[in-house]
Each structure stands twice: as structure tokens, then as C-alpha cells.
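Trainee: Next input, structure requested:
(chains A, B, C and D)
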There are 2 protein chains.
Amino acid sequence: MNEARPVTRIQQKNRATILDAALDVFSQRGFGGATVDQIAATAGLSKPNLLYYFPTKETIYEALLGGLLDTWLDPLRAMRPSGEPLPEILAYVQRKLEMSRDFPRESRLFANEIIQGAPLIESELSGALRSLVDEKAEIINQWADEGRIARVNPHHLFFSIWSLTQHYADFDVQVRAVLGEGVDDPFPEAEIYLTTLFTRMLTPS
Amino acid sequence: MNEARPVTRIQQKNRATILDAALDVFSQRGFGGATVDQIAATAGLSKPNLLYYFPTKETIYEALLGGLLDTWLDPLRAMRPSGEPLPEILAYVQRKLEMSRDFPRESRLFANEIIQGAPLIESELSGALRSLVDEKAEIINQWADEGRIARVNPHHLFFSIWSLTQHYADFDVQVRAVLGEGVDDPFPEAEIYLTTLFTRMLTPS
DNA sequence: GTCTATAGACGGATAGAC
DNA sequence: GTCTATCCGTCTATAGAC
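Mentor: Below you'll find the predicted structure:
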């Protein structure tokens, strides 16, 4: 019964512009602190026009968050039991750090959602996330069994990787304030530090 | 000219109740996402009565944040050059972890403020915080010079301590979701993991 | 000190012209 | 598809009775 409603180029472009603007605003003020007006202004659209593309403020937020966890976990999925243990883990750390450098707004959006109790994604956290982490934790334990890395609590190992890498996106302001004017890009230093940290943590004694 | 206006017991109690309620709300929703109504309801007061004690929403927020950074840094101030290097640092890690366990709301309030660009405390970050960290970084470098700990980037060492310990407060929901029902208190595990991590990072090779 | 009532601004969302 | 105008609910904050 429905006519074909092809998504025009202008529609796609506007939706993308809106989502980018919304990422700006939501990642900095959280869901409740953001206003549709701010998003519309950032996107260069009128408020009613924005609401023509996304019927409600919540729709925009959900569109951003949906799939973000998935993207966020891609580097972890890439960790293979067949590889060399330490390089596999260090590569994971590095990819996560690159994501913090290249997608800091996504990281902050996620942080905001978790800090506020993850009302929208808690089921995914205890579902898909937990399964994936349990699976990869098994690999860590296996490697420890084989004596190829030091034995560590695998879940807390992952917590520490997430925490340390995302810190450089989420707490960017503080990092730059503490390092001062002399350092205009903290990431090279961070990469060296984190590589050292996890190498010392995981090298068998 | 002014009469003495003694702060009555009931005033003190109400102010404390309000600040506690505000900490609940602000730490979970951020400044913009919080409403005075929610704070008043949590405190068990009417909105106008709450505004009798604090004239504006901002006043409450500032009262909470003011001094929080100071309290947060007390454990770092306690780090003494005269002590044994590794135990001094591990004691700092432990105190920070205890603060995350005992004052998670304060940690989240702080995290919210930083993520949102630290509009209220950026000057303190690049002032008092930076000075203190620079001073303590010198101690770390000194210890490394003397061969008593491994050489590490001292600023990033502090970043990693903050990041790892505060993670257990700020990302509590995620930590619990990943660990599952079997673990009802992540902190004992966290303490063991972090002690191991920093011991391996800092023990001279 | 605490309340009810309400002012006045701003929020999300809609109507309807073009 | 995009706009102006506007509805209506909620927000911060105040007035004024008790």
C-alpha cells in the first residue's frame, strides 16, 4: 500500500548533520542537560525542521547510542586466541587509545550514559557485553595457564584497559590542564606509558 | 550594624540535608539535567523552602563543588618524599580506591564536571592541581633517579592512578554488570589487582 | 522558617502557510 | 522540506500569608 519513499540525498545529509550536532551537545551536557534548540542551532536548522527528521529528543539520543556499544567493542572482538598473547593485548590497548583520540565525543557520550546509571543500555551491559568479556577472559586465563603471560584477574584487566584509555578522552580537560602548555598532544606520551604499564603487568616473572 | 545572626541547629541540619540530596541528584544527572524540584523532593522539603537556604540552583552546585577538589587531593598531599617509595605510592592508590568506595557520588559529580569541560573549576585544575602534581612528580623522578623505583612518566602515573581508582565509582554500573551476580563487592578484587599492577609497574628491573 | 500560589522564562513538540 | 507562530507543560525563582 505504501508508495516507495526513497531516502533522498538531502535527507541523508540532514540526518547526518543532525546526529553530528547532537553528538556535540549530548556528549558535553548529557541527555537531560541538552536542549533541542542547542542541537538545532549547532546543526544550522530550525527546531521544527530538526523534529521533522527525528520526532523527539529521545529518538536522536537513541539513534546515537544504538550501535555505539557495538562499535566500541569491535577492537575487543578482534582479540584472537591464536595470536601472540602480549602483542594481541597491546594491540587492543592501542586501538582503544586511538578511538579515544579520534572519537572523544563518542567516548564522553558513553561515559555520561554509564555515570547516569545506563538507563538505556544496562540490558546490553549485562547481556552482550558481559558475554563477550567472559569469552575473552577465558582466553586471558588460557594464556596464563600456558605460562605465556603472568596470571591476572582478567575482568579487572579489561576494566583497567577501558579506564586508562578512555580517561584521555573523557578527562581531556584535566589532562591538558595538568600537563600544561608544553604538551599539545598527550597521546604519544600516553601510548608509551600504557605500553610499558601492560608489558610489565603481563610479562611472566 | 548587623545583629548577630547565629546559625541555628535546624539551619545547619537543613543545609546539610539539602547538600546531601543535591549530591544525589547532581551526581547522577549533571547540573543541567538536575531540577530543583528533584533536589527538594529528595531532601523532603518544598522547593521555596529549599530556595530559602540556597538562593539559586547554581549556589547549591557551587557549594558542593567548592572544596571537593581539595578533599580529593588530600591523599596525594599525604605522599611524602621521606617514605619508602613503593609503599607510599601503593598507600596513595589504596586511599584513592577507598574514596571511590566510600564517596562514589562525589566521584561522579567530579567526573560530570570534567566531562562537561570543567566550566567551574578549570582555573583550579591548571592552578592548584597542576602545581601539586608537578611537585609530587618531582618526588617520583627523584625516586627513579635513586633507583628505588623504575623510571616512569610521573604525570601519566598519576593519571593512571586517578583513572583506575575512580573507574570503580564512576562506572560502577558497568563493573557490576560485567562481573555479574556472583560478585557483590568488586572492591576487594580491585585492590588486589591494582596493588599488583603498580607493584609490577614500579619495581626496578 | 515553611507553606501555597504564581510569575515569567524556557523546554519539547505541533499547526499550518509556503 | 522548511519556515513562523504558537501551544502547553515544566523550570527557576519570587510574593506573600501564616
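Trainee: okay, CA-based contacts and neighbour counts for the rest of this
Mentor: Fine.
Trainee: got a list of contacts for stretch A:80-99?
Mentor: By C-alpha atoms under 8 Å, 6 or more residues apart in numbering or on different chains, the residues outside stretch A:80-99 that reach it are A:75-76, A:78-79, A:139, A:143, A:148-149, A:161-162, A:165-166, A:168, A:187, A:191, A:194-195, A:198-199, A:202-203.
Trainee: In helices, which of these appear?
Mentor: Counted as lying in helices by DSSP state H, out of the contacts of stretch A:80-99, are A:75-76, A:139, A:143, A:161-162, A:165-166, A:168, A:187, A:191, A:194-195, A:198-199, A:202.
Trainee: top of those residues by neighbour count?
Mentor: With neighbours taken as other C-alpha atoms under 10 Å in any protein chain shown, the top of the ones in helices among the contacts of stretch A:80-99 is residue A:165, carrying 26 neighbours.
Trainee: ok, for that one, nearest residue in space, not its chain neighbours?
Mentor: Counting by C-alpha to C-alpha, 6 or more residues apart in numbering or on different chains, residue A:97 is the residue found nearest to residue A:165 once chain neighbours are left out, at 4.9 Å.
Trainee: Ramachandran coordinates for that neighbour?
Mentor: Main-chain dihedrals, residue A:97, degrees, to the nearest 10: phi -70, psi -40.
Trainee: Any stretches of chain A with poor pLDDT?
Mentor: Applying pLDDT under 70 to chain A flags residues A:1-6.
Trainee: which residues does the closest residue to residue A:145 other than its chain neighbours contact?
Mentor: Closest residue to residue A:145 apart from its sequence neighbours, by C-alpha to C-alpha, 6+ apart: residue A:151 at 7.8 Å. Applying C-alpha under 8 Å, 6+ apart to residue A:151 gives the contacts A:141, A:144, A:145, A:202, A:204.
Trainee: What is the nearest of those to residue A:45?
Mentor: Set against residue A:45, the nearest of the contacts of residue A:151 by C-alpha to C-alpha is residue A:202 (51.3 Å).
Trainee: Now do that closest one against DNA strand C, distance only.
Mentor: Noted for residue A:202: a distance of 47 Å to DNA strand C, by C-alpha to the nearest atom of the strand, to the nearest Å.
Trainee: tell me the contacts of that residue?
Mentor: Residue A:202 neighbours (C-alpha under 8 Å, 6+ apart): A:86, A:149, A:150, A:151, A:152.
Trainee: These into CSV, with extra columns for distance to residue B:11?
Mentor: Formatted as CSV, the contacts of residue A:202 follow (distance: C-alpha to C-alpha, whole Å):
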residue, distance to residue B:11
A:86, 59
A:149, 59
A:150, 57
A:151, 55
A:152, 51
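Trainee: Could you restrict these to the ones contacting DNA strand D?
Mentor: Contacts with DNA strand D within the contacts of residue A:202, as defined by C-alpha under 7 Å from any atom of the strand: none are present.
Trainee: of those, closest to residue B:111?
Mentor: Using C-alpha to C-alpha, residue A:152 comes nearest to residue B:111 of those, at 27.8 Å.
Trainee: before we move on, what SS does the closest one have?
Mentor: coil (DSSP: H, G, I helix; E, B strand; the rest coil).
Trainee: these two touch, right, residue A:23 and residue A:107?
Mentor: No. Counting by C-alpha atoms under 8 Å, residue A:23 sits too far from residue A:107 to count as a contact (10.4 Å).
Trainee: can you list the residues of chain A near DNA strand C?
Mentor: A:34, A:35, A:36, A:37, A:47, A:48, A:51, A:55, A:56, A:57, A:58.
Trainee: DNA strand D: which of the residues you listed is nearest?
Mentor: residue A:48 (4.8 Å; C-alpha to the nearest atom of the strand).
Trainee: and that closest one, how many neighbours does it have?
Mentor: Counted with other C-alpha under 10 Å, the neighbours of residue A:48 add up to 13.
Trainee: Would you mind giving the contacts of residue A:151 as TSV with distance to residue A:8 added?
Mentor: Formatted as TSV, the contacts of residue A:151 follow (distance: C-alpha to C-alpha, whole Å):
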residue	distance to residue A:8
A:141	51
A:144	54
A:145	56
A:202	52
A:204	57
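Trainee: roughly how far is the longest helix anywhere in chain A from the heart of the chain?
Mentor: Longest helix in chain A by number of residues (criterion: DSSP H): helix A:9-33. When C-alpha coordinates are averaged (C-alpha atoms, centre = their mean, to the nearest Å), helix A:9-33 and its chain have centres 17 Å apart.
Trainee: how much does that helix deviate in direction from helix B:9-33?
Mentor: 170 degrees (axes from the mean of the first three to the mean of the last three C-alpha atoms, to 10 degrees).
Trainee: Name the residues that touch helix A:9-33?
Mentor: Here helix A:9-33 makes contact (C-alpha under 8 Å, 6+ apart) with A:34, A:38-40, A:42-43, A:50, A:53, A:60-61, A:63-64, A:105-106, A:108-110, A:112-113, B:29-34, B:115-117.
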